[in-house]
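Asker: Build me a model:
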Amino acid sequence: MTMLFRDLVYAFRTLRKSPIFTITAVVTIALAIGASTAIFSVTHGVLLRPLPYKDPDRLVLACSDMRRRNVKDFPLSNADFLDLRNGAKNNFEDFAAVNTFRQTLPGIDGTPQQVRVAAVSTNFFQMMGGAIIAGRDFQDSDGTAQPAPPAGGAAAAPPAQPVMVILSNQYFQQRFGGDLTVIGKPLPVSGAAGPARIIVGVLAPGFELLFPPQVNMEQFPNLWIAARIPYDVANRNNVQWRVIARLKPGVVIEQAQAEAETIAEKIRQENTISRTAGQYFRLEPMKQHLVNEVRPAILALMGAVIFLLLIACANVANLMLVRTSSRERELAVRAALGAGWWPLVRQTLAEALVIAGLGTVAGVALAEIGIHELLAIAPANLPRLNAIHIDPLVLAFSVLAGLASAVLFGVLPALRTARPNLMNILRAGGRTGALGAAGLRNGVVVAEVALAFVLLIGSGLMFRTFLAIHRVNLGFDPRGLLTFQLLGNLGNTPQEQATFKRQLREQLGIIPGVRSVTASFPLPLAGGFSPVRWGGAEALEDPSRFQAADLQIVLPGYFEAIGTTLVAGRTFTEDDNTPERNLLIVDQALASKAFPNESAVGKRILFRIRTPEAQWGEIIGVVAHQRDVSLTEPGREQLYVTDGYVNHGAASWWALRTDGDPARYSGAVREVVRKAGRETLINQMRPMDALVVEAQAQTRFSLLLIGVFSAIAALLAGVGLYGVLATVVRQRTAEIGVRMALGAAPSRIFSLMVGKGLRLSTLGIAIGLIAALALTRVMTTMLVGVKPTDPTTFVSVALFFLIIAVVASWLPARRAAGLDPTEALRVE
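Answerer: Residues are numbered from 1 along each chain as shown. Now for the predicted structure:
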């Protein structure tokens, strides 16, 4: 240990004598370590860190898998949840159900306040490990008793006792100031009368619901209410519960899946509606379900920073080889005086450790800044953002990365030091030995170019993907649209709600600059879409022929306001906005599937929204397909009904078509809503363009990071190539002088140097091409509108790299061509 310390101190002193070399090497390693640490913190926080629940590895999600309807991740109905919970006993310890929503409650000053609510089965916190720090947990008696299915499928009547509530710690502090006397008292509510809500407990800080963003579950509910889940076999299509199960110790998911399938098969046999849906149960580890969508992008970024680290190590290795070459005479003298090869190697490795150590410290500091910036630009679908930070494991990764980089860029110079040819070095003044290291430096540069080429290919493919997403036909016009969600009590009866919406549309419509007003549920790209089943007459004979489409409930004038093209027929009118009229509008995709080669207008299809069994509806219009969920995939077919068809209680997302910047109308809109007189609250007011930008966020995030890493990699590769050629010119000055004395023109010398740079780059590009053809296939799920082997991208990147090679070669070549032969010969 003493010897190591002495070597490190001596290496530090030696490096201080070469400040330019030392600063360049440390900054290069710091950039790579910083980028690697920042991305590893994301990988650790999102993919590797255990979920914050009790025994999280045994938690799985149970979803409806309606294979014939292309619905693979759907909630369960009351009866589905209870059948699973009561029937799956061999491989499961327990099941819990959860659903979230938002509503308005009076705040401290009595004004409406939006709160996030989670309804959970009474065993939820016990199963998940949520700690109650005041009051009590839910009891079985707080929820509806779970009877066996009653004969004939009659639903059990819910009890009339008050609903029990547990407060989140944050809401407890903000709303009640931490006053424990609220436990046992009713929760202040507003709006229509309903069961009283009694506060029974307070949850420990930090408890969260971890679901993928596309599931639309609130991550941090303010209120947790004990759910009443009656056995409703007559309406298995009324789905709302996200179901979490805990496996017994030692049970693998395949065993549990087999047991769940046995129960699903029984349900399909006994219940017509479920058989119509073609329902299966699908189990998936909870953590896997959470990160499935973002895993490819995170792993691609992790691969990119590993490549960047390798390139940085190659660059520093080249710098150290040049430094070793310039010191070969000194090292040869020391060896000639009796110094063994191991002390010389040890000194080189000590210098590598010092550089890596300084680079790691600086890199961790850069990573802290980088993580802050990453979180600022992270897409909304990146889960567990609060778990991304530098912790001991991330620091350990940084240290290991620093040690690995020291080995990577220190080995070649150390090996070169270990076997000096003393006679040749001393006789040639170091020049012959330096020339002998040229092969190593050339090989390192070729490796740099190959690695950087792969990174640039990945960046190019992501850029092509971003362009494809940017050009995608949305099916509506987002320009000039102001959107918001209206929460609260819009009326106690369907007629009151219809009157309120009609009056609000009129008042919003007279705002100067507002051209049209509409409302829907959901809104394109705002989340919340759910499938509804539809089919033709053949589905009556064969229920498996039913298919799924995304349902949207709209006010008359919706398509005109949002800018969706009417392809055939007509849109909804005010006369259509009533529960008595089974009128439908479908998109082109559904129309083509249901009625290929003929007009869908005037035809009828079966659909189910309000009733357990499907009913006939008439198609009155066909509109363009909208991108309602994602810009990367077309999504399911779409089916539209009026808000009146569902008793005027659904359309809550409003959209205003305006002149100019829609954001400048927000104040006027808020004032109109305030004067409307109801206990309402505006949520998420923003231009529609913002929703489009948010939908592009994941691709933009990946493109930005891979692009930055690729730019650094290309810069390092170019600098490495420049360094090699500059060293060649310096070490072969005499040879160049001889050539020029014998008649070689400066242009010939210039071409010779540039040609060397192009040969090295071409070899690196060829190796990188082979590697990229293999590695870019892992990006398939991230790409849109472009193949992993896109020839345009590959050719463009190759030409770009050749330009870099020419630029990097130009200065050394120019210096070589401008040498004075007389002065050059004196070097010999």
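Asker: Find the residue ranges of the stretch 351-500 of the chain scoring beneath the pLDDT cut-off.
Answerer: 416-438 (pLDDT under 70).
Asker: residue boundaries of the helices in it?
Answerer: Under the criterion DSSP state H, counting those that start in this stretch, helices of the stretch 351-500 of the chain are mapped to 392-418, 422-428, 431-436, 438-470, 494-509.
Asker: Leu47: which of those is closest?
Answerer: helix 392-418 (12.6 Å; Cβ to Cβ). Every residue, glycine included, has its C-beta placed from N, CA and C.
Asker: Please state the offset of the closest one from the chain centre?
Answerer: 31 Å (Cα atoms, centre = their mean, to the nearest Å).
Asker: list the helices and strands that helix packs on?
Answerer: Secondary-structure packing of helix 392-418 (3 or more Cβ pairs under 8 Å, 6 or more residues apart in numbering; DSSP states H and E): helix 19-42, helix 295-326, helix 341-377, helix 438-470.
Asker: so which of these comes closest to Val202?
Answerer: For Val202, the closest of the helices and strands packed on helix 392-418 is helix 341-377, at 29.0 Å, according to Cβ to Cβ.
Asker: In the closest one, which residues are buried?
Answerer: 344-360, 362-364, 366-367, 370-371, 374 (16 or more other Cβ atoms under 10 Å).
Asker: I'd say Glu448 and Val316 touch.
Answerer: No. Contact criterion Cβ atoms under 8 Å: Glu448 and Val316 do not qualify, at 10.7 Å.
Asker: Could I get the contacting residues of the nearest residue to Gly527 once chain neighbours are set aside?
Answerer: Leaving aside its sequence neighbours, Gly527 sits nearest to Asn216 (Cβ to Cβ, 6 or more residues apart in numbering; 4.8 Å). Asn216 makes contacts with Thr100, Gly527, Gly528, as judged by Cβ atoms under 8 Å, 6 or more residues apart in numbering.
Asker: now these: which count as buried?
Answerer: Buried among the contacts of Asn216 by 16+ other Cβ under 10 Å: Thr100.
Asker: And the contacts of Asn216, which is closest to Ile469?
Answerer: Closest approach between these and Ile469, by Cβ to Cβ: Gly527, at 17.9 Å.
Asker: three-state assignment of that closest one?
Answerer: Of the three states, Gly527 takes coil under DSSP: H, G, I helix; E, B strand; the rest coil.
Asker: Check whether it really touches Pro212, as I assumed.
Answerer: No. Assessed by Cβ under 8 Å, Gly527 is found out of contact with Pro212, at 11.0 Å.
Asker: helix or strand for Arg282, which one?
Answerer: strand 281-285 (DSSP states H and E).
Asker: number of nearby residues for the nearest residue to Pro687 once chain neighbours are set aside?
Answerer: Leaving aside its chain neighbours, Pro687 sits nearest to Pro662 (4.6 Å; criterion: Cβ to Cβ, 6+ apart). Other residues near Pro662 number 26, with proximity taken as other Cβ atoms under 10 Å.
Asker: if we can go back for a sec, deepest of the helices of the stretch 351-500 of the chain, which one?
Answerer: Mean neighbour count, computed with mean count of other Cβ atoms under 10 Å, is highest for helix 438-470 among those, reaching a mean of 23.
Asker: if we can go back for a sec, CSV for the contacts of Asn216, including distance to Ala816?
Answerer: Shown next, in CSV, are those (distance: Cβ to Cβ, whole Å):
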residue, distance to Ala816
Thr100, 70
Gly527, 62
Gly528, 67
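Asker: For Met320, see how far away the residue lying closest to Leu310 once chain neighbours are set aside is.
Answerer: Distance criterion Cβ to Cβ, 6+ apart; nearest residue to Leu310, sequence neighbours excluded, is Leu451 at 5.5 Å. Applying Cβ to Cβ, to the nearest Å, the value for Leu451 to Met320 is 18 Å.
Asker: Over to Thr24?
Answerer: Taken as Cβ to Cβ, the span from Thr24 to Met320 is 11 Å.
Asker: Of those two, give the one with the bigger neighbour count.
Answerer: Using other Cβ under 10 Å, the more surrounded residue of Thr24 and Met320 is Met320, with 25 against 17.
Asker: Pretty sure the more buried one sits against Thr348.
Answerer: Yes. Using Cβ under 8 Å, Met320 is in contact with Thr348, at 7.4 Å.
Asker: Now for the two: what residues contact both?
Answerer: Common neighbours of Met320 and Thr348 (criterion: Cβ under 8 Å, 6+ apart): Gly410, Pro413.
Asker: got the contact list for the nearest residue to Thr642 once chain neighbours are set aside?
Answerer: Counting by Cβ to Cβ, 6+ apart, Asn577 is the residue found nearest to Thr642 once chain neighbours are left out, at 4.5 Å. The neighbourhood of Asn577, defined by Cβ under 8 Å, 6+ apart, consists of Ala498, Leu555, Pro556, Thr642, Asp643, Gly644, Tyr645, His648.
Asker: I'd like the distance between Asn577 and Arg604.
Answerer: Distance of Asn577 to Arg604, given as Cβ to Cβ: 20 Å.
Asker: Arg570 too?
Answerer: For Arg570 relative to Arg604 (Cβ to Cβ), the value is 16 Å.
Asker: And Thr181, by the same measure?
Answerer: 61 Å.
Asker: neighbour-wise, which of these two wins?
Answerer: Arg604 (16 against 7).
Asker: what about the closest residue to the more buried one other than its chain neighbours, how many neighbours?
Answerer: Spatially, and ignoring its direct neighbours in sequence, Arg604 is nearest to Trp616 (4.9 Å; Cβ to Cβ, 6+ apart). Residues within reach of Trp616, counting by other Cβ under 10 Å, total 11.
Asker: Tell me how far the helix or strand that Trp616 is a member of lies from the chain's centre.
Answerer: Assigned by DSSP H and E, Trp616 falls within strand 615-623. The gap between where strand 615-623 is centred and where its chain is centred comes out at 37 Å by Cα atoms, centre = their mean.
Asker: That one pairs with which strands, parallel or anti?
Answerer: strand 566-569 (antiparallel), strand 583-587 (parallel), strand 604-607 (antiparallel) (DSSP bridges).
Asker: wait, which of the ones you listed is closest to Glu254?
Answerer: That would be strand 604-607 among the strands paired with strand 615-623, by Cβ to Cβ, at 36.5 Å.
Asker: what pLDDT does the residue nearest to Thr642 get?
Answerer: Confidence at Asn577, expressed as pLDDT, is 93.
Asker: Can you give me the distance of it to Glu560?
Answerer: Here the criterion is Cβ to Cβ. By it, Asn577 lies 15 Å from Glu560.
Asker: same check, this time on Leu504
Answerer: Counting by Cβ to Cβ, the gap from Leu504 to Glu560 is 18 Å.
Asker: now stretch 222-233, how far from the chain's geometric center?
Answerer: Distance, centroid of stretch 222-233 to centroid of chain: 31 Å (Cα atoms, centre = their mean).
Asker: pLDDT on that stretch, on average?
Answerer: 87.
Asker: Quick one: neighbours of the nearest residue to Thr727 once chain neighbours are set aside, just the number.
Answerer: Leaving aside its chain neighbours, Thr727 sits nearest to Val322 (5.3 Å; criterion: Cβ to Cβ, 6+ apart). Using other Cβ under 10 Å, Val322 is surrounded by 21 other residues.
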